[in-house]
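Chemist: how would this look folded up:
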Amino acid sequence: MKQTIDIGTRTFDLESGVWAPQTNASVVLRCGSAVLLVTVVAGNENPDQDFFPLTVEYRERFAGAGHFPTGAGRRELRSSDAETLSSRLIDRSLRPLFPKEYRRETVVSIMAFSGDPSLDMPTAALNAASLALMISDIPWDGPVVGLRIARINGKFVAFPDQNAASDMNFVISVSPDGIIMVEGGAQEVSEDELIQCMDFASDIAAPIIQIQRDLALQHGKTKLALTPVNIPPQELIEQLDHAIPDIQNALHRGDKWERTNALKSTKDAILTQIKDACAALNLDFSQAFWNDAFETRVRNTARAMILDGTRFDDRKLDQIRPIRCEAKPLPSAHGSAFFSRGLTQSLSTCTLGGPRDALRLDNMFGSTDCRFFLHYNFPPYSVGEAKTPKGPGRREIGHGMLAQRALTAVIPPAEQFPYTIRVVSDILSSDGSSSMATVCAGCLALMDAGVPIKAPVTGIAMGLISENGRHAILTDICGDEDHLGDMDFKVCGTKNGVTALQMDLKVEGLSRETLREALMQARRARHQILDIILQTLPAPRPSLAPNAPKTLTLKVRKAIIGDIIGSGGANIRALMEQTQTQIDIDDDGLVRISGTDEAGIQAAHTAIAAKNRRFHVGDIVQAYVLFVKPPFVRLELTPGMEASIHVNDLPQSSTFLEDRFKPGDILSVRIQGTDDRGNIRLTAP
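Modeler: Residues are numbered from 1 along each chain as shown. Next up, the predicted model:
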């Protein structure tokens, strides 16, 4: 099977049936110099399995761009953060479309064997993964179309050049029923502009959806049969309905643990009764079936309550949980903040450093340095679990990137604030929306550190309950509301507009009117939170913390970079040791000097500025005598710049120069020009 699809200005070639023939299906995608292989494999059926184990893995082979991996053994080892984020993005687009009854272990593997730096390869691979599932024998309710949409010079573009400057950049996944996933960032754009971006994506996706459907009809395999569930007698199932009043009472509790414990007690009681009834009737008791049946009752009951206007803690639909903010809770950090919203808490810190502290990001195309980055930690104790803390997983990396994207839009450029900035969010307690608490706490920590951000940023998590033509949009959802709702919708932004958006839909389609209503309700919530944050800290602090490094920058001529650095770096190392500073010079001549001692920074700045000084004919310079070698006196005009003056150009010329001038003496000389060899000519003033 071969198919060519045009999206925007790009042409994608899709092929199946040649590579990886022992899979349930495989698709090779080619675009430009990119070649990606997508395979889907399903395991054997396990009747005792009560969940759906789906794994989506996106990996890049460094050889595909002619590079060596930097890991141990020169191998591609664990997934990079970028690969993890790509895997998560594809997973979120595919997972909602698997039938609920399908529970075979399934692995979707995407390998980038050849790369194209101008192409968003993970999003392109999503389309190949969709086609692979469509033509495979794996049950799946696709297709889905993945699009990278950017706005460049006021126009929306699908799959733009990755290096093009844009004020909106989103990945949008579209199914036959509408948009199911959105993620990306923007430069303070309006809600209406976001909707226009999604409309643009929907229009582009429609013909591609039909192409995938046609290919599945022509080349698809017969789908695997879903194992029918043994349904117990109706009278036993109806016993669950007797527990609905108790479920309602359990749900109607504002405290998370009271609600959880009450639901567990209700579940244990009713399932014990049903188990005894099954034993009396000599029937098998399927724990998985009855757990699922009880959860369905809980979900339906909770959704009905919310549609009737009753939330678990009696909040109004657009009401935010109580908020508490604190700046500088950690005295020794450069910047710190505590933010709580209900039971969700984030303790965030901001650390400032020099260019050498930047985060080095490696991929198949090489390395880049990131001067602003955010790390999100979610320890088990934050949800009351007795587990050993481990390294960050996909969820932590994804939440951290969402918050980083939200704050990146307001970070000052290096020319204005030449620091590397690291924000760390430690979640102390979580009951929903910890990533949005991270945005709020991270913003406060930046302001507390004295980072001159463009504007304060806040974030809010929204939910949706939609059923039988009715819907309820929830502001600031707690964890249980997130679990039972039809939409997880996170919006971040300033007073002027949106900077980041993440949306996952669990319901088929979302009307334009409902989407706009949710965005405007989120905007009101963001502004309300912003008012509270500004009461805590009205603006970034005017000065940095005493223990924060101080930084100065200056631009020097490229011609003197070698003189500043010296042979083997001897000059710059000596200057750093002498002044107790860190000095970095890039290829364009931008010098960054950082340290904790302001006097040392100023001394290093003066020394480098002196090297960079331009002399003009007629300038009078106070030069230091280095040594005397008749008929010349060797002088240092500035550190690193030397010249000689002939005895005939000195006043009261004498052949006994050694008697008149000693090393360290100061001699006034005038710049006369240069000789035919380019050496500086000096005369007496």
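
Chemist: quick one: contacts for residue 21?
Modeler: Residues near residue 21 by Cβ atoms under 8 Å, 6 or more residues apart in numbering: none. C-beta: built from backbone N, CA, C; applies to glycine.

Chemist: how much space separates it from residue 114?
Modeler: Note on residue 21: its distance to residue 114, by Cβ to Cβ, to the nearest Å, is 20 Å.

Chemist: how about low-confidence regions in the stretch 551-685 of the chain?
Modeler: The stretch 551-685 of the chain contains residues with pLDDT under 70 at 639-640, 652-655.

Chemist: change it to 90
Modeler: Within the stretch 551-685 of the chain, the stretches with pLDDT under 90 are 551-572, 574-575, 578, 581-582, 584-685.

Chemist: show the contacting residues for residue 74.
Modeler: Contact analysis of residue 74 by Cβ under 8 Å, 6+ apart lists residue 68.

Chemist: can you give me the strands for the stretch 101-250 of the chain?
Modeler: For the stretch 101-250 of the chain, applying DSSP state E, counting those that start in this stretch gives strands covering 106-114, 145-152, 155-158, 168-175, 178-189.

Chemist: dump those to a markdown table, plus mean pLDDT.
Modeler: Below are the strands of the stretch 101-250 of the chain laid out as a markdown table (pLDDT from 0 to 100):
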| stretch | mean pLDDT |
| --- | --- |
| strand 106-114 | 97 |
| strand 145-152 | 97 |
| strand 155-158 | 96 |
| strand 168-175 | 96 |
| strand 178-189 | 94 |
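
Chemist: buried residues in stretch 16-24?
Modeler: Buried residues in stretch 16-24, counted by 16 or more other Cβ atoms under 10 Å: 16, 19, 20, 23, 24.

Chemist: now the end-to-end length of that stretch.
Modeler: Using Cα to Cα, to the nearest Å, the end-to-end distance of stretch 16-24 comes to 11 Å.

Chemist: do the same with stretch 136-149
Modeler: 28 Å.

Chemist: quick one: stretch 35-50 to chain centroid distance?
Modeler: In terms of Cα atoms, centre = their mean, to the nearest Å, the centre of stretch 35-50 is set 29 Å apart from its chain centre.

Chemist: where exactly do the strands run in the stretch 251-400 of the chain?
Modeler: With DSSP E, counting those that start in this stretch applied, the stretch 251-400 of the chain shows strands at 323-327, 335-341, 344-353, 359-363, 366-370, 372-377, listed in chain order.

Chemist: closest to residue 268 out of these?
Modeler: When the strands of the stretch 251-400 of the chain are compared by Cβ to Cβ, strand 344-353 sits nearest residue 268, at 28.0 Å.

Chemist: re earlier: and the buried residues of stretch 16-24 as TSV, adding distance to residue 163?
Modeler: Output for these, formatted as TSV (distance: Cβ to Cβ, whole Å):
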residue	distance to residue 163
16	31
19	30
20	32
23	34
24	37
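
Chemist: tell me what residue 156 is bridged to.
Modeler: Counting by DSSP bridges, residue 156 is bridged to residue 151.

Chemist: dump the residue contacts of it.
Modeler: Residue 156 touches 149, 150, 168, 196, 197, 200, counting by Cβ under 8 Å, 6+ apart.

Chemist: for the stretch 251-400 of the chain, what are the low-confidence residue spans?
Modeler: The stretch 251-400 of the chain contains residues with pLDDT under 90 at 252-257, 277-292, 309, 312-314, 354-357, 360-369, 388-392.

Chemist: repeat that for 70
Modeler: By pLDDT under 70, the stretch 251-400 of the chain has no low-scoring segment.

Chemist: ok, which stretches of it are helices?
Modeler: For the stretch 251-400 of the chain, the helices defined by DSSP state H, counting those that start in this stretch cover 256-280, 287-307, 394-408.

Chemist: among those, which is the most enclosed?
Modeler: Among the helices of the stretch 251-400 of the chain, helix 394-408 has the highest mean neighbour count (mean count of other Cβ atoms under 10 Å), at a mean of 23.

Chemist: I figured residue 505 hits residue 178, correct?
Modeler: Yes - when contacts are counted by Cβ atoms under 8 Å, residue 505 is listed as touching residue 178 (7.5 Å).

Chemist: which of the two has more residues huddled nearby?
Modeler: Set residue 505 next to residue 178 and count neighbours by other Cβ atoms under 10 Å: residue 505 wins out with 23 against 17.

Chemist: chain neighbours aside, what residue packs nearest to the spatially most central residue of the chain?
Modeler: Closest to where the C-alpha atoms of the chain average out (Cα atoms, centre = their mean) is residue 401, at 2.1 Å. Of all residues not flanking residue 401 in the chain, residue 85 sits nearest, at 5.7 Å (Cβ to Cβ, 6 or more residues apart in numbering).

Chemist: quick one: the one you found and residue 398 touch, right?
Modeler: Yes - under the criterion of Cβ under 8 Å, residue 85 makes contact with residue 398 at 6.2 Å.

Chemist: about what we covered before: what would the strands of the stretch 101-250 of the chain look like in JSON lines with distance to residue 677?
Modeler: Below are these laid out as JSON lines (distance: least, Cβ to Cβ, whole Å):
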{"stretch": "strand 106-114", "distance to residue 677": "53"}
{"stretch": "strand 145-152", "distance to residue 677": "52"}
{"stretch": "strand 155-158", "distance to residue 677": "55"}
{"stretch": "strand 168-175", "distance to residue 677": "55"}
{"stretch": "strand 178-189", "distance to residue 677": "53"}
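
Chemist: out of those, nearest to residue 574?
Modeler: Among the strands of the stretch 101-250 of the chain, strand 178-189 comes nearest to residue 574, with 43.6 Å by Cβ to Cβ.

Chemist: helices or strands up against the closest one?
Modeler: With contacts taken as 3 or more Cβ pairs under 8 Å, 6 or more residues apart in numbering; DSSP states H and E, strand 178-189 sits against helix 81-94, strand 168-175, helix 191-219, helix 394-408, strand 498-505.
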